[in-house]
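[1] Turn this into a structure:
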Amino acid sequence: EIQQVSTALQMTVADNFTLEGQTSGEENDGPMTLGLEFDKLQITLSSLRKNATEAREDLEECKDYILEAHQALGINVDPKWMDTQNDLTHYTRQKFHEKKAEMKSELSTRTAAVVHLLRDCQHLMRDLKIEPESPEGTDLDRRIAGSLVRSKDDSFMMASKMRSDTCVGIASIAMDELTKRVADLTVEKKRRKAQLQAMGGEISKLWEQLRVPEEDQRSFTESVRGLGIDTLRKGEAELQRLTTIKTDMIGQLILEARQEIEKLWDEIDANEEFRGNFNAFEVNNEDEFDDQLLDAHEAYLSELRERLEERRPILGLIERRETILKERVKYEKLQKDPDRLKKRSASLARQLMEEEKMARRIKRDLPKLTHILKERLMEWKERHSEDFLYHGTAYLQEMALQEHEWTAYKKNQKQKLQQRKNGDHKQADSSAFVPKKKHHQHNRVARQPLG
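    Have a look, this model is predicted:
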């Protein structure tokens, strides 16, 4: 036994079975008796046994951890890590400890990866409202649901590192299963999202077409949550219900769309040629009223609304310009009315201030608006291959005509003023030689303050 243990420990023992460094088999006082020699052997063996026991316990502890780690990871263990009897040296114990640390690190890495995948799976299952115990759930889903527990610091940890009916474990097969399950659930989530978005778009369009009350829309919206199968089924049922109603109301919907089209035609100053380009408006046989015809009307309505929105900024500029044109006429009349200057000082001051503002708008804003409108109207004509109509008239030509008429008017007024001045001069010349009558003192009239 001493030879076997010392060999395992790789400790040198002398031929007389004493440990190296101990006294020899004989004492100075005489030869060793068998009893004394037996006692010395017992002491030597006891020391060896103690060292061996400590080494084996240490190696067994490492072996158990290494074996458990390999089983948890689902990999085969090298047989050399199972031998804890034949080599009890410090070197071997150090190697076992290094292997244990290596497996501990690998377990930690694998566990963290599995926990992350489990969290992803659980989130996706929650989003999709997949209940593990429902027919939609699988055996893997049930394992996923029971694999995580809360630790003392409230973080998530594995319920067990080993695979069971309620836990996936951390073996390679668990990694493969969870990776595939995450991928499948992600694809399913995207599919359901796309399906619900498409379905929601159709439902929203039908709600608008059928004038479904806001309260009913809100009630349905609040009744569906998440991406579960029940949400898809409710959406399909609502779509089917609305489609049936639409089929029954198709004629009424087309007629209402035509009323809206005529209203928009008026708002955008559409001429007869423009209105005649919409051929679907001429279909009057109710047997031909179908979804395709209604869709054509809805699409045309969208175009008209876009056109109206595109016109609004230009219409705003035109209306501002027309307002200033009216002010220009008003200002011209005021300048010809001398009586306005006979008002009292306060009223006169307000009057003159208002005229000054009008003159500023006429002189500064009118040319600016005219220039901007010319650019916008030319852009409109280039983009739409037609003139911008305002009250049925091409406003670009209307502006040119307005400016021409105003220029002619001002020229005419100038000529009349010149003629009036020339007439006054002639009258003054003809009366130059008429003798003045003498006026009596009592017939004199006092001079008026304003001339």
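[2] contacts, neighbours, all on C-alpha from now
    Noted.
[3] In the chain, which helix is the longest?
    Longest helix of the chain, by residue count under DSSP state H: helix 291-335.
[4] For Lys99, see how far away His90 is.
    As for His90, its distance to Lys99 is 14 Å (criterion: C-alpha to C-alpha, to the nearest Å).
[5] for Asp295, that is, sorry about that
    In terms of C-alpha to C-alpha, Asp295 sits 73 Å off from Lys99.
[6] and the helix or strand just after the longest helix of the chain, what does it pack onto?
    Tracing the chain past helix 291-335, the next element assigned as helix or strand by DSSP states H and E is helix 345-360. Packed against helix 345-360, as judged by 3 or more C-alpha pairs under 8 Å, 6 or more residues apart in numbering; DSSP states H and E, are the following elements: helix 291-335.
[7] Report the mean confidence score over the helix it packs on.
    Per-residue pLDDT values across helix 291-335 average out to 90.
[8] just how off-centre is that helix within its chain?
    Put simply, helix 291-335 sits 34 Å off its chain's centre (C-alpha atoms, centre = their mean, to the nearest Å).
[9] Then stretch 183-196?
    Using C-alpha atoms, centre = their mean, we find the averaged C-alpha position of stretch 183-196 to lie 18 Å away from the chain's own average C-alpha position.
[10] What are the buried residues along that stretch?
    Of all the residues in stretch 183-196, those buried under the rule 16 or more other C-alpha atoms under 10 Å are Leu185, Thr186, Lys189, Arg192, Lys193, Leu196.
[11] coming back round to it: more neighbours: which of Asp295 and Lys99?
    Between Asp295 and Lys99, counted using other C-alpha atoms under 10 Å, Lys99 has the larger neighbour count: 17 against 12.
[12] Toward the C-terminus, what is the element adjacent to the worst-scoring helix or strand of the chain on mean pLDDT?
    Among the helices and strands of the chain, helix 2-9 carries the lowest confidence by mean pLDDT, DSSP states H and E, at a mean of 63. Past helix 2-9, further along toward the C-terminus, the next helix or strand under DSSP H and E is helix 34-73.
[13] average model confidence for the following helix or strand past that next one?
    With elements assigned by DSSP H and E, the helix or strand that comes after helix 34-73 is helix 90-127. Summarised as a single mean, pLDDT over helix 90-127 is 90.
[14] I'd like to know which elements the next helix or strand after helix 90-127 is packed against.
    From helix 90-127 onward toward the C-terminus, using DSSP H and E, the following helix or strand is helix 139-146. Counting contacts by 3+ C-alpha pairs under 8 Å, 6+ apart, helix 139-146 is packed against helix 90-127.
[15] so the helix it packs on versus helix 139-146, what angle?
    Interaxial angle, helix 90-127 versus helix 139-146 (axes from the mean of the first three to the mean of the last three C-alpha atoms, to 10 degrees): 100 degrees.
[16] Using neighbour counts, pick out the buried residues of helix 90-127.
    92-93, 96-97, 99-100, 103, 107, 110-112, 114-115, 117-122, 124-125.
[17] try stretch 292-304
    Taking 16+ other C-alpha under 10 Å as the basis for neighbour counts, the residues of stretch 292-304 that come out buried are Leu293, Leu294, Ala296, His297, Glu298, Tyr300, Leu301, Leu304.
[18] Pull the residues that contact stretch 144-162.
    For stretch 144-162, the surrounding residues in contact (C-alpha atoms under 8 Å, 6 or more residues apart in numbering) are 71-72, 111, 115, 118, 121-122, 132, 166-171.
[19] Dump those into JSON lines; add distance to Glu332 as well.
    Below are the contacts of stretch 144-162 laid out as JSON lines (distance: C-alpha to C-alpha, whole Å):
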{"residue": "Gln71", "distance to Glu332": "103"}
{"residue": "Ala72", "distance to Glu332": "100"}
{"residue": "Thr111", "distance to Glu332": "91"}
{"residue": "Val115", "distance to Glu332": "86"}
{"residue": "Leu118", "distance to Glu332": "84"}
{"residue": "Cys121", "distance to Glu332": "81"}
{"residue": "Gln122", "distance to Glu332": "81"}
{"residue": "Pro132", "distance to Glu332": "86"}
{"residue": "Thr166", "distance to Glu332": "95"}
{"residue": "Cys167", "distance to Glu332": "94"}
{"residue": "Val168", "distance to Glu332": "93"}
{"residue": "Gly169", "distance to Glu332": "95"}
{"residue": "Ile170", "distance to Glu332": "94"}
{"residue": "Ala171", "distance to Glu332": "96"}
